[in-house]
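# need coordinates for the following:
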Amino acid sequence: MQPTFKPSLNPVIESKPAYHAIGLRQTHVYSEGGIPSIVDQWSLFMSRIGEIQGQHAVTIGVCYDVQPGNPFEYVTAAVLTEAQLDSPVPESMCKIFLKPQTYAIFTHTGPISDLGATYKVISEWLANNETYVRAQAPELEYYDSRYTGNERADNEFDIYIPVVSQ
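Below is the predicted model:
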């Protein structure tokens, strides 16, 4: 299937502050065909987001140590504002903290079904750029008002790949 967008090989490199978030943590296994269980995790999380105190303009998906064929942790979460840092954690949810980090930020445009093409571009960039290497830190998906729905052509969200200078 041809993607409906043309991913850019030129990410934005940006240092981001720490993130605090509350969400659901589950274990998944990466396969070449994708990770359909993550869609189910998002559905469950979005059905429960109202249990987290306050308004949530930004949600994130955080991947911890993804290696093909191996189980990995994924957290669907609502980013907390400074005023929400002491919010109680709803039952069966967790609070996470992501340290300040420099990221290569790629924007995925188009349906979620085209996400594999974006990750292919990310892999090519990581292998071929001469300035940055992947850092040992979680990567994340950043969903804000540009996210319009899983299979919409006008959908956009960012993928943050942690990097350090070579």
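# how about stretch 114-124: buried residues?
By neighbour count on 16 or more other Cβ atoms under 10 Å, the buried set for stretch 114-124 is Asp114, Leu115, Ala117, Thr118, Val121, Ile122. For glycine as for every other residue, the C-beta is placed from the backbone atoms N, C-alpha and C.
# list the contacts of the closest residue to the second one other than its chain neighbours.
Here the nearest residue to Leu115 in space, its sequence neighbours aside, is His108; by Cβ to Cβ, 6 or more residues apart in numbering that works out to 6.1 Å. When contacts are counted by Cβ atoms under 8 Å, 6 or more residues apart in numbering, His108 is found next to Phe5, Pro7, Asp114, Leu115, Thr118, Asn155, Glu156, Phe157, Asp158, Ile159.
# what are the contacting residues of stretch 64-73?
For stretch 64-73, the external contacting residues (Cβ under 8 Å, 6+ apart) are 25-32, 63, 74-75, 138-139.
# picking up where we left off before, in strands, which of the contacts of His108 fall?
Assigned to strands by DSSP state E, the following of the contacts of His108 qualify: Glu156, Phe157, Asp158, Ile159.
# the residue most central in space within the chain: which element?
For the chain, the residue nearest the mean C-alpha position is Glu141 (1.7 Å; Cα atoms, centre = their mean). Using DSSP states H and E, Glu141 maps to strand 139-143.
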